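Asks: Predicted model follows, preceded by the sequence.
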Amino acid sequence: MPKPRTPSSGHHSRLPDAGPARAALLGYSVRLVRLVRVTLPRALGRHRPHARPTDPPRRRHRLRTVAAALALAAATSAALLTLPSDAGTHSKSPWPPTGAGAGQVRRAPADAWAHSARLGFAVWPARGRRTGDRALLARALRAWTDRAWRGHRSAEPGEPVAGGPGARLLFAGDVAGRAVVLLQDGAHTVRYSEPRHGGAPELTVARTEGADATTAAVVVARSPGSVRLLLAPWITTAAVRDLRAPSSGTRALTRDGSGVTEPVAVAAADAPCRGVPVVQVRSSSRIAGDRAFLLADLGGLVPAHLTYLPSLRPGTRPRLPREATTGAGLGGWAASACRLAGLHGRGVRSVGHWVFATQPLPERSGTATWACARADTWSGTGDVEYFFLAPGGTGAEVVGRGRDTAQCSRFGQNVLAHTEWRAPSGTVYLLAAGSRAVTRLAVTAPVRSATDGRFLAVRMPGGRPVEVTGRLPDGTRIDSPLSPDGP
């Protein structure tokens, strides 16, 4: 019997480069060929004859066996020759690389959001003009689920670079010269994009677990100076405003039939802070009582929700953060808006501006405001910056920081901060203020002083480190946060 012919070195199915799937099919083919070699001669009578009455039926049975084996061998060989060259190689994707899984992508009904008791990505309908493009969806699925995919990947800190099955389609269409697909798997939102006329595809992954009504936009396209957003189906109106200029009003933001907005200007993270554009949206009265709120682009896939909480008087009950669209909220954010640039690319879900104290200044110099801005991430961690706003000032002075902390949240409502302040007379004062439950403040270095209440103002030499502590009614001690130069 002649030796099997060896495939040429340029053939895509040569054994040294075959993946596990190709090798398995090749093994089946070899075993079937061996079966045919054994069975065929017997079926054709090339064996020692045995004259028995049952010979004809046995021969017919053998011939049927040979025919079935030959058909199976032919089908297996055809599958072997048509299998993609990268099938089964280092891939953990639940979808075949050919894209057969595109039909398994889940889609919500167009009006699911209007009948749901819980708003989130699960009730976003699939929008865009290419939701029926199975080839595009297959490429997006493979980019997300196949670790062997060789396009450009980017993920926020701590997020995986590849996901699993169960994807839901949010959008598929052409935006800014690229084909864009948005997918969601319950815990993550994924943007796949590819140039329409050549170039490398890109995949961006962000954690969005626990999305709610204020998770109202996803970035479908980004350029150095602007973004385009896909708005949630429950958003009725949208406008752009400058967070640094609360009295300047808003400009209407247009969107197409798929919910994609016109380009929205964004503030560069590494440029001088001259303006901080944010998007003000209003939700449908069918789900949220005609509620307006602010969204700020922080370089991620999902804009951050901005909130505001004014100072509370002692003895009053705690309140939930309010939307920052009121006069007080916009005025409070105007002084600290430029600090948002430091939160770019950190997976921030929301940023709250909380005024925890207002303090009369020495020498009848007016009233200062103490605030903290808390940035909560989608992973559950939170960072805090403490601000001191002098009367007549145009910007907030950062006087303390807290990293991965519960401070300035509903689980950390008791806070204090301190700073040095120079009065118009030239005298330097140490100022300290605590939240409404603080009943006593003390400074131990470089001067010793203590006072009942939640405000302290003492003269002191400037430029020296200080230690300030506070007490709650039950005697619990709280400390002033790390200095702005701390870790």
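Replies: Now that the structure is in, tell me what you want to look at.
Asks: neighbours of residue 210, just the number please.
Replies: 12 (other Cβ atoms under 10 Å). (Each C-beta comes from the backbone N, C-alpha and C, glycine too.)
Asks: Does it belong to a helix, a strand or coil?
Replies: coil (DSSP: H, G, I helix; E, B strand; the rest coil).
Asks: Let me see the confidence value for it.
Replies: Here the pLDDT value assigned to residue 210 is 92.
Asks: Please name the residues that touch it.
Replies: Residues near residue 210 by Cβ atoms under 8 Å, 6 or more residues apart in numbering: 120, 378.
Asks: center of this structure, which residue is that?
Replies: The residue lying closest to the centre of the chain (Cα atoms, centre = their mean) is residue 206, at 2.6 Å.
Asks: in which helix or strand would I find that residue?
Replies: strand 202-207 (DSSP states H and E).
Asks: Pairing partners for that strand, with directions?
Replies: strand 152-155 (parallel), strand 188-195 (antiparallel) (DSSP bridges).
Asks: Residue 366 and residue 360, how far apart?
Replies: Taking Cβ to Cβ, to the nearest Å as the measure, residue 366 falls 8 Å from residue 360.
Asks: got the residue ranges for the strands in the stretch 301-450 of the chain?
Replies: Assigned by DSSP state E, counting those that start in this stretch, the stretch 301-450 of the chain shows strands spanning 304-309, 322-323, 348-360, 367-377, 382-389, 397-402, 416-422, 428-434, 440-445, 449-452.
Asks: Which strands or helices does the last one pack on?
Replies: It stands for strand 449-452. Strand 449-452 is packed against strand 440-445, with contacts defined by 3 or more Cβ pairs under 8 Å, 6 or more residues apart in numbering; DSSP states H and E.
Asks: Packing partners of the strand it packs on?
Replies: Using 3+ Cβ pairs under 8 Å, 6+ apart as the contact test, the elements touching strand 440-445 are strand 428-434, strand 449-452, strand 455-459, strand 467-471.
Asks: Out of these, which is the most enclosed?
Replies: strand 428-434 (a mean of 23; mean count of other Cβ atoms under 10 Å).
Asks: what comes into contact with that one?
Replies: With Cβ under 8 Å, 6+ apart as the test, strand 428-434 has contacts from 356-357, 359, 361-362, 368, 370, 388, 414-423, 441, 443, 447, 454-462, 466, 468, 470, 478, 480.
Asks: try it again with 6 Å
Replies: Strand 428-434 is touched from outside by 357, 359, 362, 370, 416, 418-422, 441, 454-460, 462, 468, 470, with contacts defined as Cβ atoms under 6 Å, 6 or more residues apart in numbering.
Asks: in its sheet, what does that strand sit against?
Replies: By DSSP bridges, strand 428-434 pairs with strand 416-422 (antiparallel), strand 455-459 (antiparallel).
Asks: Just the CA coordinates for the shortest one, please, in PDB.
Replies: Once side chains and other backbone atoms are set aside, the C-alpha atoms of strand 455-459 remain, and they are given as PDB (Å, rounded to 0.1, in the frame of the first residue of the first chain):
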ATOM      1  CA  PHE A 455     -15.200  74.700  65.100                       C
ATOM      2  CA  LEU A 456     -11.700  75.800  66.100                       C
ATOM      3  CA  ALA A 457      -9.700  78.900  65.200                       C
ATOM      4  CA  VAL A 458      -6.300  79.600  66.900                       C
ATOM      5  CA  ARG A 459      -3.300  81.700  66.100                       C
END
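Asks: Contacts for it, please.
Replies: 359, 362, 429-433, 441, 449.
Asks: mind running it again at 10 Å?
Replies: Applying Cβ atoms under 10 Å, 6 or more residues apart in numbering, the contact partners of strand 455-459 are 357-363, 368, 370, 416, 418, 421, 423, 427-434, 438, 440-443, 447-451, 466, 468, 470.
Asks: Of the strands paired with strand 202-207, flag the one that's most buried.
Replies: strand 188-195 (a mean of 23).
Asks: distance of residue 384 from residue 203?
Replies: In terms of Cβ to Cβ, residue 384 sits 32 Å off from residue 203.
Asks: Any regions of the stretch 351-487 of the chain where pLDDT drops low?
Replies: Counting by pLDDT under 70, the stretch 351-487 of the chain shows low-confidence ranges at 462-463, 482-487.
Asks: repeat for the chain
Replies: Checking the chain against pLDDT under 70 turns up 1-101, 157-165, 288-289, 313-316, 318, 462-463, 482-487.
Asks: circling back: out of the strands paired with strand 202-207, which comes closest to residue 141?
Replies: Closest to residue 141 of the strands paired with strand 202-207 is strand 188-195 (Cβ to Cβ; 8.5 Å).
Asks: now the helices for the stretch 251-400 of the chain?
Replies: Using DSSP state H, counting those that start in this stretch, the helices of the stretch 251-400 of the chain run over 285-288, 327-336.
Asks: Would you tell me which of the ones you listed gets closest to residue 343?
Replies: That would be helix 327-336 among the helices of the stretch 251-400 of the chain, by Cβ to Cβ, at 11.5 Å.
Asks: Okay, buried residues for the closest one please.
Replies: 329-330, 332-336 (16 or more other Cβ atoms under 10 Å).
Asks: thinking again about what came up before, so can I have a markdown table of the strands paired with strand 428-434 showing distance to residue 145?
Replies: Output for the strands paired with strand 428-434, formatted as a markdown table (distance: least, Cβ to Cβ, whole Å):
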| stretch | distance to residue 145 |
| --- | --- |
| strand 416-422 | 47 |
| strand 455-459 | 57 |
